[in-house]
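A.B. asks: Model the following, please.
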Amino acid sequence: VGDGGKMILQQGCHSGWIEVICGPMFSGKTEELIRRLKLVQIAKQRVEIFKPVLDNRYDEKHIMSHSEQKFNCQPIEKIQHVLEVIKDNTRVVAIDEAQFFGKELPDVCNRIANRGLRVIVAGLDQDYLGKPFGQMPQLLAVAESVLKLKAVCMSCGGMATQSQRLTTQGETVVVGSGETYEARCRACFDPDLIVENAVPAIPIAKIAEQ
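C.D. replies: Numbering: from 1, shown residues only. Model prediction:
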């Protein structure tokens, strides 16, 4: 089931579950997460939201989409900290940019769901090389609901499923936005940045400003 709203109807009131929203950068993952959280608020359920400390691109204490929609959240260094701070009356736990957390991510999400809570997780499913990102594959395997979003290729306008890094940095984790990454389709994706004609030297957004 791809729609988080349908999951509410299908799951028993005492049954927890895991929903994962994944896809490349600029595909609307955080926007979809926020949409679901707004429905949680309408239902008057208590929600706690977490994100990794290193994700400080827009705001240190909010999750924020590229369209500037935002929700208050708790920045944490390790995913295990979620287990220590969840309040007794919390019914929904949301985790954004989950790919940045360590190997404990699937286990922590399972443990929260086993408490009878709804867990909504958003994150990249692939890194800048097009390889599975961190613990996201394991989380996708145990989740009851998975929604894989697509973006628009910023090179050709096709369906994008990859996050193209626009710098030569070799680290797996390089936090950035439009100045560092673009969404790309399979044909335009170049993890080695060696196909000069297929990969613009500067972001499309900056080309448009010139």
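
A.B. asks: in stretch 155-162, what counts as buried?
C.D. replies: 155, 160, 161, 162 (16 or more other CB atoms under 10 Å). To be clear about C-beta, it is placed using only N, CA and C from the backbone, and glycine gets the same treatment.

A.B. asks: Run a quick neighbour tally on residue 91.
C.D. replies: Residues lying near residue 91 (other CB atoms under 10 Å) number 16.

A.B. asks: Show the contacting residues for it.
C.D. replies: The contact partners of residue 91, taken as CB atoms under 8 Å, 6 or more residues apart in numbering, are 40, 45, 46, 47, 117, 118.

A.B. asks: is it true that the last one touches residue 16?
C.D. replies: Yes - in this structure residue 118 lies within contact range of residue 16 using CB atoms under 8 Å: 6.3 Å.

A.B. asks: Show me which of these two is the more surrounded one.
C.D. replies: Set residue 118 next to residue 16 and count neighbours by other CB under 10 Å: residue 118 wins out with 26 against 21.

A.B. asks: Now that one: closest residue in space, sequence neighbours ignored.
C.D. replies: residue 92 (4.6 Å; CB to CB, 6 or more residues apart in numbering).

A.B. asks: What of residue 106?
C.D. replies: Here the residue nearest residue 106, using CB to CB, 6+ apart, is residue 138, at 4.4 Å.

A.B. asks: what helix or strand does the one you found sit in?
C.D. replies: Using DSSP states H and E, residue 138 maps to helix 136-142.

A.B. asks: Could you list the buried residues of that helix?
C.D. replies: Buried residues in helix 136-142 (16+ other CB under 10 Å): 136, 139, 140.

A.B. asks: just so I have it, where are all the helices in the protein?
C.D. replies: 4-10, 29-42, 81-85, 105-114, 136-142, 204-209 (DSSP state H).

A.B. asks: just checking, what packs against the second one?
C.D. replies: For helix 29-42, the contact count by 3 or more CB pairs under 8 Å, 6 or more residues apart in numbering; DSSP states H and E identifies helix 4-10, strand 17-23, strand 47-52, strand 62-64, strand 70-72, strand 92-95, strand 118-124 as packing neighbours.

A.B. asks: Give me the mean pLDDT for it.
C.D. replies: For helix 29-42, the mean pLDDT works out to 93.
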